[in-house]
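Asks: here are the coordinates; sequence isn't available:
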Ligand code: PHE
């Protein structure tokens, strides 16, 4: 067959094919069929070598110009099909569809509860105080009536940095630091992180406490009880009751642990006939430790003997668990946004 004629017929064939190709995929198949390595053009070119050498240049030139035209045909149809595809997509696009709302973060429940508690105490006239998390043995223990070798030091599994330096095990050192810097009368609360070498279902190596301290002339256990009752009712609701149980802390005398009537069963011990899992049917749950500041602590602060005062300390995660009925302490530290997002105000 005449190679020149065969080359020319390729142009017409591709024109027809392009007209029929209605998708980019079909067009690509066509391109491979005509212009690919094993395509129609390539197979004509392979018979070039069988021609007498004198005829080869003319056929070669023809082949080049046919190749250019094939490419041009192909590119033109491709542009057409692409434009068509875009027009179809645009026709489907509905500009009135509402956009996706940006994801909004929320405050952590520990932060929310800390802020709520601080707001209640600010309302009662307390100032906010703070102290370092890396603390001296002196402020964490000694000034709080726990000299070296005092057995009460074992109550708190301490993380030591060196012999005299530790991660504070409670917020009580802020009591001492506050008294060293201020004269009575005063009322402060100190929220912050505390650390203990402890980790299981109900203990985490870091948790949050809020310390309270009120010092002045004639401050008594009655003021302590009144203050804590007001706090508990503001945070847990006006019907919540408070009960003091005698306890021991080296830095308070007398000392007490405070229970509140269970906020899950309302103090009844049962919910819908089932035993209450939060208070274990007792109707009460422990919420904090407190007491009248021990004279030995006033002495470390250089305070006169005629002042008196009370102090208390509570765990923020514990308050949040009771308030929201959260059963697992670990949820506060896992940062699962499905959990955290439920507390947005
Ligand atoms: N610091 C004590 C604790 O962490 C709590 C407490 C504070 C008790 C103030 C009495 C007075 O267990």
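Replies: That came in fine, so what should we check first? Just so it is clear, the model here is predicted, and its values are computed rather than measured.

Asks: for the nearest residue to residue 214 once chain neighbours are set aside, give me the pLDDT.
Replies: Excluding the flanking residues, the one nearest residue 214 by Cβ to Cβ, 6 or more residues apart in numbering is residue 187, at 4.3 Å. Every residue, glycine included, has its C-beta placed from N, CA and C. Note for residue 187: predicted pLDDT of 98.

Asks: tell me the secondary structure of residue 187, please.
Replies: strand (DSSP: H, G, I helix; E, B strand; the rest coil).

Asks: quick one, what contacts it?
Replies: Residues in contact with residue 187, defined by Cβ atoms under 8 Å, 6 or more residues apart in numbering, are 124-127, 212-216.

Asks: what's the neighbour count on whichever residue of the stretch 1-150 of the chain sits closest to the ligand?
Replies: Proximity of the stretch 1-150 of the chain to the ligand (Cβ to the nearest ligand atom) peaks at residue 144, 8.1 Å away. For residue 144, the neighbour count with other Cβ atoms under 10 Å is 26.

Asks: same question, residue 287
Replies: With other Cβ under 10 Å as criterion, residue 287 counts 24.

Asks: for it, which non-adjacent residue is spatially closest?
Replies: With Cβ to Cβ, 6+ apart, the residue lying closest to residue 287 is residue 260, at 5.2 Å.

Asks: how close does the one you found get to residue 237?
Replies: Here residue 260 is placed at a distance of 10 Å from residue 237 (Cβ to Cβ, to the nearest Å).

Asks: between the two, tell me which one has more neighbours.
Replies: residue 260 (25 against 13).

Asks: can the helix or strand harbouring the more buried one be said to contact the ligand?
Replies: Using DSSP states H and E, the secondary-structure element containing residue 260 is strand 252-261. Yes. Under the criterion of Cβ under 6 Å from any ligand atom, the ligand is reached by strand 252-261 at residue 252.

Asks: what's across from the residue lying closest to residue 159 once chain neighbours are set aside in the sheet?
Replies: Using Cβ to Cβ, 6+ apart and skipping the chain neighbours, the partner closest in space to residue 159 is residue 167 (4.3 Å). Taking DSSP bridges as the rule, residue 167 bridges to residue 134.

Asks: relative to the ligand, how far out is residue 167?
Replies: 13 Å (Cβ to the nearest ligand atom, to the nearest Å).

Asks: switch to numbering from 568
Replies: Let's use 568 as the start, then, which means that last one is residue 734.

Asks: neighbours around that residue, how many?
Replies: When neighbours are counted by other Cβ under 10 Å, residue 734 registers 20.

Asks: assess the claim that it and residue 725 are in contact.
Replies: Yes. Applying Cβ atoms under 8 Å as the test, residue 734 and residue 725 come out as touching, 7.5 Å apart.

Asks: re earlier: pretty sure the residue nearest to residue 854 contacts residue 855?
Replies: No. Using Cβ under 8 Å, residue 827 is not in contact with residue 855; the gap is 9.1 Å.

Asks: helices along the stretch 768-912 of the chain, start to end?
Replies: Taking DSSP state H, counting those that start in this stretch, the helices of the stretch 768-912 of the chain run over residues 788-803, 862-868, 883-891, 898-901, 904-907.

Asks: what sits up against the first one?
Replies: If you take Cβ under 8 Å, 6+ apart as the criterion, helix 788-803 is touched by 683-684, 687-688, 690-691, 779, 781, 806-807, 809, 811, 821, 825, 827, 830, 854-855, 857-859, 877, 879, 886, 889-890.

Asks: any idea which helix or strand carries residue 716?
Replies: Following DSSP H and E, one finds residue 716 outside all helices and strands.

Asks: who are the neighbours in contact with it?
Replies: Contacts of residue 716 (Cβ under 8 Å, 6+ apart): none.

Asks: and if you look at residue 735?
Replies: 698-702, 706-707, 759, 761-762.

Asks: at 10 Å what do you get?
Replies: By Cβ atoms under 10 Å, 6 or more residues apart in numbering, the contact set of residue 735 is 698-703, 706-708, 723, 725-726, 741, 759-763, 776.

Asks: and the nearest residue to it once chain neighbours are set aside, what pLDDT?
Replies: Leaving aside its chain neighbours, residue 735 sits nearest to residue 702 (4.0 Å; criterion: Cβ to Cβ, 6+ apart). Listed pLDDT for residue 702 reads 98.
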